[in-house]
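Student: What follows is a predicted protein model with its sequence.
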Amino acid sequence: MSVHQRGIKPALSADTEALTKAPPAPTYLAAHAKAEWKRIFPQLIARRILTRADLAGVEAYCSAVGICRQIEEQRAGGLIDPKLFGVWNRAAQTARQLASEYGLTPTSRARIGLAGPVAPEEDDDPLNV
């Protein structure tokens, strides 16, 4: 008999092929997307859950966040286009879903046991056995 766990995501854990340093942001990303890339990568590297195979998903997350921020800038500048709200809404939903995949939301961090901020490991810590 098989056990179905619909709707239950497996716990994230350190990967043996995890990236140890952040790759540069792709040149084709917009400015807001590059800023998000630089903001989240220290957390992702410290958690050791991200591999080269995950980079496309992280790019998509950063692009979605960048789209939301760009539309917000335009809206704050006085441009109100009802069509842009639909684009913003889909980008925000995509960003939220992808953020959850990579442990970038409070709920997903709790699922992997990281309630507080993650500090990078220090090699010279004498108590680190």
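Tutor: Great, that's in hand.

Student: which other helices and strands contact the lowest-mean-pLDDT helix or strand in the chain?
Tutor: Of all helical and strand segments in the chain, the minimum by mean pLDDT, DSSP states H and E falls on helix 106-111, at a mean of 81. Counting contacts by 3 or more CB pairs under 8 Å, 6 or more residues apart in numbering; DSSP states H and E, helix 106-111 is packed against helix 82-101. Glycine gets a C-beta too; all of them are placed from N, C-alpha and C.

Student: residues making contact with the helix it packs on?
Tutor: 57-58, 60-61, 64-65, 67-68, 71-72, 74-75, 105, 107-108 (CB atoms under 8 Å, 6 or more residues apart in numbering).

Student: Show me what counts as buried in it.
Tutor: For helix 82-101, burial by neighbour count (16 or more other CB atoms under 10 Å) applies to Leu84, Trp88, Ala91, Thr94, Ala95, Leu98, Ala99, Ser100, Glu101.
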